[in-house]
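Q: okay, sequence plus prediction incoming.
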Amino acid sequence: MPPKCAHPSNEFLVMEMEKLLEQEGAKSHRRVAPGQVNHTVSSYQRALHSIRTHPASIETGEQAKALRGVGNFIAQKINAILIRLEAAATYGEEMARHLPPEEDAARTQKAAAASKKRKATPSNGLVEHPSSGDVSKVYKPAKGKLPWYVIMALWDVGATSEARAVDLSELVTEMKALGFVGTTSQLSTRMSSLINAHHVVAKAVDGGLLYLSLAGIQSATLCRQEAQPANGSGPTRQPSAATPPFDWSTTNLSKLIPTVPQVRPNDDEAWDIVLLLDHREMISRTNRSVFERKLLEANVTCEVRALNIGDMIWIARAPTRMHQGQPQEFVLDVVVERKNISDLASSIVDKRYTEQKARLKESGLRYVIYLVEGSLASQSTCIRGGGLQTALTRTQVQHNFLVYHGASHDETVGFLAAVHRHIVHHFHPHLVCTNPPVPAATLPLASPPPPPLRDFTQVVPVTWQLHSEFQTASRKKAALTVGEIHQMMLMQVPKLGRATVSHAAATFPTMASLWTHVQGGHPLALGSTTRRAAEPRHTFLVDLISRPTYTTTAPTTKY
């Protein structure tokens, strides 16, 4: 059992630091080779020893920095923990619920004393930043708006640190309990601004889980203070209500009307795990069924269907559940987008690459696998191998996709078979599965999964969705709006990215408005909220609109 602290009020700080140490130790198993030393883990251990033996109460990061073995990095972590404790204590949250009863009173007194040391909130709405002392505005969303639901839901579930981060499905469940009636696609659209523009929500390094940043904790406490009714209780949960009509013309998805109530799997029901292949996926043009045959030979239960999104997707079929004369099929949280090198390069050039990734990210599925087939060096494509590798790295880091690169068709089949075995292996302990259990001889292929899927563990869905309804929701609209066509045209302009095009389309909603602006001799300023577009892009677009004639030339250089 770990030794107790010399001062009881430091117990909560030690417990939070131990969580960070455990999290860093888990990362060390994946990133540090056997025999090597993880210096971050060693720093946490030295800091924990200094905190336990410190005879006085630690109330600020500067005090912690004076301890032996505590540098700037550890001091920032300690300061963040102390700020969360102070915010929770100030507004009555039970953040110190893990403390022993005899030490809880001492911790509350310490937090109250620390609160008095900080400056009171001025009447102009400005608050003092707790770590730097600079005065800055606290982001305060309007009550009942989507950002308000996000911040309050993260606060209610206790997601105030990376160690307590939650996934998107848990966040949506808590938001609906507070009265949120929007859609997941709306949440995905606004989440980017909450993370990058307002900095109130942060994303965990591993897994993409969400939690409140320091600015988010300040925003939550301010919203909670204003939302408290006269009796002093927190925000009340609203009863479930019918969802108001939604304007589906503003999205790229078809309207989804659930046809059956929410499913609750029974323990005695038998389920079939099936891999669905898009009918356009093939290995040989002369024999379109060779892909399916190779997977069947690898003991993968698969069928060929027409898929509206992705190239492969797994479903759970319940033969005992019938709907309109057919067994019900439910989508599992795994979708695969398969591309060969030449198709990847061409999709980047014609901007299908960006559109497909956006649709995959908005699908609501937990695990999106981006499967690339072929050699980056040997293929003759319009984009060099280094550019393709950069695109794949951004897909993995920025979009949190699981990227797998296979050299041949056989490697692709082997990878899909390993993923299928892994899904079946994790499905068996929870529900009855008719697929044969993974043999002991092949168990290492199923647990742990292939290297890109180390965190591929929650394959049983939290919210069961019919595959037919998922198909309807992910179907593209038959007709595009004028604004969508305008953005597609701007995306074809070289070196104009998605963020720049979105900002330009908001300023000039139609091509006619952009044309009139340029023809009138007015200056053209493109860019987004986070970056400015380079001057050559302005010049190129102005020249493109102003030029009286055009000529077609063949491309001579690679990107």
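A: That came in fine, so what should we check first? Numbers count the residues shown, from 1 in each chain.
Q: give the helix, strand or coil label for residue 40.
A: Look at residue 40: counting by DSSP: H, G, I helix; E, B strand; the rest coil, its state is helix.
Q: how many other residues sit next to it?
A: By other C-beta atoms under 10 Å, the residues close to residue 40 number 17. (C-beta placed from N, C-alpha, C; glycine too.)
Q: thinking it is in contact with residue 24, fair?
A: Yes - counting by C-beta atoms under 8 Å, residue 40 does reach residue 24; the two are 5.4 Å apart.
Q: who does whichever strand or helix holds residue 151 touch, helix- and strand-wise?
A: For residue 151, the enclosing helix or strand under DSSP states H and E is helix 146-156. With contacts defined as 3 or more C-beta pairs under 8 Å, 6 or more residues apart in numbering; DSSP states H and E, the packing partners of helix 146-156 are helix 168-177, helix 184-196, strand 201-203, strand 210-212, helix 214-227.
Q: so which of those is the most surrounded?
A: Burial among the helices and strands packed on helix 146-156, expressed as mean neighbours by mean count of other C-beta atoms under 10 Å, is greatest for strand 210-212, which shows a mean of 24.
Q: check contacts around residue 433.
A: Contacts for residue 433 were tallied using C-beta atoms under 8 Å, 6 or more residues apart in numbering; they are 270, 271, 272, 273, 424, 427.
Q: so what pLDDT did it get?
A: On the pLDDT scale, residue 433 is placed at 80.
Q: just give me the neighbour total for residue 163.
A: Should you count by other C-beta under 10 Å, residue 163 turns out to have 17 residues around it.
Q: go ahead and confirm it touches residue 18.
A: No - applying C-beta under 8 Å as the test, residue 163 and residue 18 come out as separate, 9.6 Å apart.
Q: what residues sit buried inside stretch 427-439?
A: For stretch 427-439, the buried set under the neighbour-count rule, 16 or more other C-beta atoms under 10 Å, comprises 427, 428, 431, 433, 435, 438.
Q: just stretch 385-404 next, same as before
A: Those would be 387, 388, 391, 392, 395, 400, 401, 402, 403, 404, for stretch 385-404 by 16+ other C-beta under 10 Å.
Q: ok, so of these, who is nearest residue 213?
A: Sorting those by how near they are to residue 213, with C-beta to C-beta, puts residue 400 at the top with 17.8 Å.
Q: I'd like the helices and strands packed on helix 146-156 laid out as TSV, including distance to residue 351 and mean pLDDT.
A: Written out in TSV, the entries for these read as follows (distance: least, C-beta to C-beta, whole Å; pLDDT from 0 to 100):
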stretch	distance to residue 351	mean pLDDT
helix 168-177	26	84
helix 184-196	19	82
strand 201-203	25	87
strand 210-212	28	86
helix 214-227	33	78
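Q: and of these, who's closest to residue 474?
A: Proximity to residue 474 (C-beta to C-beta) singles out helix 184-196 among the helices and strands packed on helix 146-156, at 10.6 Å.
Q: same for that closest one, what does it pack against?
A: With contacts defined as 3+ C-beta pairs under 8 Å, 6+ apart, the packing partners of helix 184-196 are helix 146-156, helix 168-177, strand 201-203.
Q: what strand or helix carries the closest residue to residue 45 other than its chain neighbours?
A: Closest residue in space to residue 45, ignoring its immediate chain neighbours: residue 21 at 6.9 Å, by C-beta to C-beta, 6 or more residues apart in numbering. Assessed by DSSP H and E, residue 21 sits inside helix 11-31.
Q: buried residues in that helix?
A: By neighbour count on 16+ other C-beta under 10 Å, the buried set for helix 11-31 is 11, 12, 13, 14, 16, 17, 20, 21, 23.
Q: so what's residue 317 up against?
A: When the contact criterion is C-beta under 8 Å, 6+ apart, the partners of residue 317 are 271, 272, 273, 274, 327, 328, 329, 330.
Q: mind doing that once more with 6 Å?
A: Neighbour list for residue 317: 272, 274, 327, 329 [criterion: C-beta atoms under 6 Å, 6 or more residues apart in numbering].
Q: so which bits of the host helix or strand of it are buried?
A: Assignment of secondary structure by DSSP H and E places residue 317 within strand 312-323. By neighbour count on 16+ other C-beta under 10 Å, the buried set for strand 312-323 is 312, 313, 314, 315, 316, 317, 318, 321.
Q: how about the third one: what's its closest non-neighbour residue?
A: The shortest distance from residue 314 to any non-neighbouring residue, by C-beta to C-beta, 6+ apart, is to residue 332 (4.3 Å).
Q: repeat that for the first one.
A: Among residues not flanking residue 312 along the chain, residue 336 sits closest, at 3.8 Å (C-beta to C-beta, 6+ apart).
Q: for that neighbour, what is the enclosing helix or strand?
A: For residue 336, the element it lies in under DSSP H and E is strand 326-340.
Q: before we move on, back to that, of the helices and strands packed on helix 184-196, which approaches residue 218 most closely?
A: Judged by C-beta to C-beta, the one of the helices and strands packed on helix 184-196 that comes nearest to residue 218 is helix 146-156, at 10.1 Å.
Q: surely the residue nearest to residue 45 meets residue 46?
A: No - here residue 21 lies out of contact with residue 46, judged by C-beta atoms under 6 Å, at a distance of 10.9 Å.
Q: tell me which two in the contacts of residue 433 are the farthest apart.
A: The span of the contacts of residue 433, defined through C-beta to C-beta, is set by 270 and 424 at 13.2 Å.
Q: and for these two, which residues touch both?
A: Contact criterion C-beta under 6 Å, 6+ apart; no residue bridges residue 270 and residue 424 by contacting each.
Q: more neighbours, the two?
A: Taking residue 270 and residue 424 together and counting by other C-beta under 10 Å, residue 424 has the greater number of neighbours (22 against 13).
Q: the more buried one contacts residue 273, correct?
A: Yes - Residue 424 is in contact with residue 273 according to C-beta under 6 Å; the separation is 5.3 Å.
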